[in-house]
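# Give me a model of this one.
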Amino acid sequence: MTGSAGVIALVLLWVGYLHRTRRITWLGALADRVGAVVNRPGWVALPIVMFLATILTALLGFIWDVSLHVGNGRDEGPLANPAHYFILAGLFFLFTAGMLAMVLPLDGKPGVAAVRITRTWYAPVGGILIAGAGLYALIGFPLDDIWHRLFGQDVTLWGPTHLMLIGGAGLSLVGVLLLEFEGGRNRPDPERPDGWLIWLMRTFAFGGLIIGLSVFQVEFDFGVEQFRLVLQPMLIVAAATVTLVAARATLGAFSTLVVVAFAAVVRGVVAFLVGGPIIDAPRNVFPLYLGAAVVVELMALLPLAKRPIWWGALAGFAVATVGIWLESLWVSAVFVDPWPTAMWPELLAMTIPTGVAGGVVGALFGLVLRGEPLPRPPVRRALVVAAVAIVAATATNGLISRVPDDATATVTLRDAEPVDGGRMVTADVRFTPADLVGEDPEWVQILAWQGGVGSDSPGRGLVVDQLRRIGEGHYESTEPVPAHGSWKTVLRVQDGRMQTALPIFMPEDAGIGAAAVAAPPEFTREFVAEITVLQRERSFDHPAWLFGAASLLVLVCSLILIGALSWGAARINDRYLTAAPQTSSVSGG
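Predicted coordinates for the structure are as follows:
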């Protein structure tokens, strides 16, 4: 795959070289023709069209990939999963779209904020940021393979290199919005006003951004989250506040409703393709953000909206309280794990600071996209750094969990009606100590997954049974779960900070040297760290410092990307505010 990508890259570089040396004219002519439709320079219009096609390809591949891991388990290799080709192609051409925006401008600077590459070559900031985000995501692919060789296959979305793949793709939408802003200040026909098509295109870009920021939640969407449930509302608030506050500030009344409608349609289509009869993989749902959108629209009616930073903070607070309560109604209706009442104090302690921070960042982004001055550099830098620190702190809190000492469960299994000859069981579970779990836990469930994708498999490879409470420390099944073949069937418990599990049935796995775990009619087993059961393929046979150093490397790369996006937004804001109004455009050809 590296060789194939290298050959394609050389071809694209050759085309770019021919364009830059004016030996071909068709690329510039095509870009200008597309740009004429929306009154934007070719170096904006053609890359954005290319970006839209490629990001949708990557999204489909990503959701498909997660569903295959949920239904089938680990891959045989980096190219054994068909969804990886969609992801890789999407990310590769996402990077190419950014490079296209950099290569296309020929005659002078593409706007006052353009960055000098060589003596005669200037590139728009938005193009640089898209290419940088795409490169960051692409680097995650080979690093992911190295990571698995060092630490085993961490079958979780939240593996550090996995976060690079999805984070780069999601944050690339910031570059797209900034590139469109640059194009709007360099219109081919300055006298021609922007119409509804441009407004809709910007709205869809914000819809793409909220989808991009939502992909960190996808394990919750499938019901196989491997971290504490309180992270889900925090992540929803972070995505909602940054995107919807910026969208409302930039695009005006009712724009947030269009943003969330677009996101719901795209996610709905992808969910149908993956979980429907076409791919036939485990089903997934997704947050609506409708409550958050309504709250932001109402907050925009306040006089405080004239003070953007303070309004963003207040709107973020409202989303983190009223908005997330409205979202909880949808979560209770369609998600596998609703939010218990006992979780709400910690939930609000995480969502409120995250919401305020996200609202401030959204307000700053809105100022940039409206062409209004940002606060002084020390102030805006402090606000962004504080926002990153707040999100890091709340995310860290969500990752902290404990495993109970000397806790066991006695499980009595009863055979149910077989499915395609495979053993199905129901369970009667008694905890020791009996007060191990309170009356309102996040979940007490049996998870059976990785049984094989397809409509002939129970749940298409995923079954989650929320156990019914009979009495203190006593639970029973509500539906049969599989205990045969390649299924991994696990008893899971999360109650506050306690998160633990024990195996019910596990097949032998010669690939990782794991012995089978039988499911006799009755057994007593000790609760262990959930990660050792759900991430069975993960290897802990390595020096502790090596995992820490590798994680630190990924963190540094991520902070560089966030810093680059902040730099690009500030550069555009500063340069366009101090420059004379733009009356002409740099041609793409």
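# So which residues of the stretch 251-400 of the chain form strands?
Shown for the stretch 251-400 of the chain, no strands are assigned by DSSP state E, counting those that start in this stretch.
# same question, the chain
115-116, 122-123, 408-415, 424-432, 443-449, 462-466, 468-471, 474-476, 481-482, 488-495, 498-505, 522-526, 528-529 (DSSP state E).
# Give me the distance from the first one to the chain's centre.
If I follow you right, that is strand 115-116. Centre-to-centre, strand 115-116 and its host chain are 31 Å apart (C-alpha atoms, centre = their mean, to the nearest Å).
# so what strands line up beside it?
Sheet neighbours of strand 115-116, with direction, are listed as strand 122-123 (antiparallel) (DSSP bridges).
# about what we covered before: with respect to burial, which of the strands of the chain scores highest?
Ranked by mean neighbour count under mean count of other C-beta atoms under 10 Å, the strands of the chain are led by strand 481-482, which reaches a mean of 28. Where you see a C-beta, it was placed from the backbone N, CA and C, and this is true even at glycine.
# Give me the pLDDT value at residue 580.
Looking at residue 580, its pLDDT reads 49.
# same check, this time on residue 257
Listed pLDDT for residue 257 reads 98.
# same check, this time on residue 352
Looking at residue 352, its pLDDT is 98.
# Let me see the contact set for it.
Shown in contact with residue 352 (C-beta atoms under 8 Å, 6 or more residues apart in numbering): 317, 320, 321.
# Tabulate these (CSV), appending neighbour count.
Shown next, in CSV, are the contacts of residue 352 (neighbours: other C-beta atoms under 10 Å):
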residue, neighbour count
317, 20
320, 31
321, 16
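# Now do residue 169 against residue 550, distance only.
Distance of residue 169 to residue 550, computed by C-beta to C-beta, to the nearest Å: 21 Å.
# Of those two, which one has the most company?
Neighbours were counted for residue 169 and for residue 550 using other C-beta atoms under 10 Å; residue 169 has more, 28 against 18.
# Just list the residues touching the more buried one, thanks.
Residues in contact with residue 169 (C-beta under 8 Å, 6+ apart) are 55, 58, 59, 62, 90, 91, 94, 133, 134, 137, 212, 215.
# just those now: which is nearest residue 542?
For the contacts of residue 169, the closest approach to residue 542 (C-beta to C-beta) belongs to residue 137, at 25.5 Å.
# number of nearby residues for the closest one?
Around residue 137 there are 27 residues (other C-beta under 10 Å).
# ok, it to residue 164 distance?
Plainly put, residue 137 is 6 Å away from residue 164 if you go by C-beta to C-beta.
# How about the contacts made by the residue lying closest to residue 500 once chain neighbours are set aside?
Nearest residue to residue 500, sequence neighbours excluded (C-beta to C-beta, 6 or more residues apart in numbering): residue 527, at 4.2 Å. Neighbouring residues of residue 527 by C-beta under 8 Å, 6+ apart: 403, 404, 407, 408, 409, 493, 500, 501, 502.
# try it again with 7 Å
403, 404, 407, 408, 409, 500, 501, 502 (C-beta atoms under 7 Å, 6 or more residues apart in numbering).
# What count of nearby residues applies to residue 128?
Applying other C-beta under 10 Å, we find 24 residues neighbouring residue 128.
# hmm, back to that, now mean pLDDT and distance to residue 156 too, for the strands of the chain, in CSV please.
Below are the strands of the chain laid out as CSV (pLDDT from 0 to 100; distance: least, C-beta to C-beta, whole Å):
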stretch, mean pLDDT, distance to residue 156
strand 115-116, 96, 37
strand 122-123, 96, 37
strand 408-415, 97, 24
strand 424-432, 98, 25
strand 443-449, 97, 12
strand 462-466, 96, 15
strand 468-471, 96, 28
strand 474-476, 97, 26
strand 481-482, 97, 21
strand 488-495, 97, 14
strand 498-505, 97, 14
strand 522-526, 97, 23
strand 528-529, 95, 14
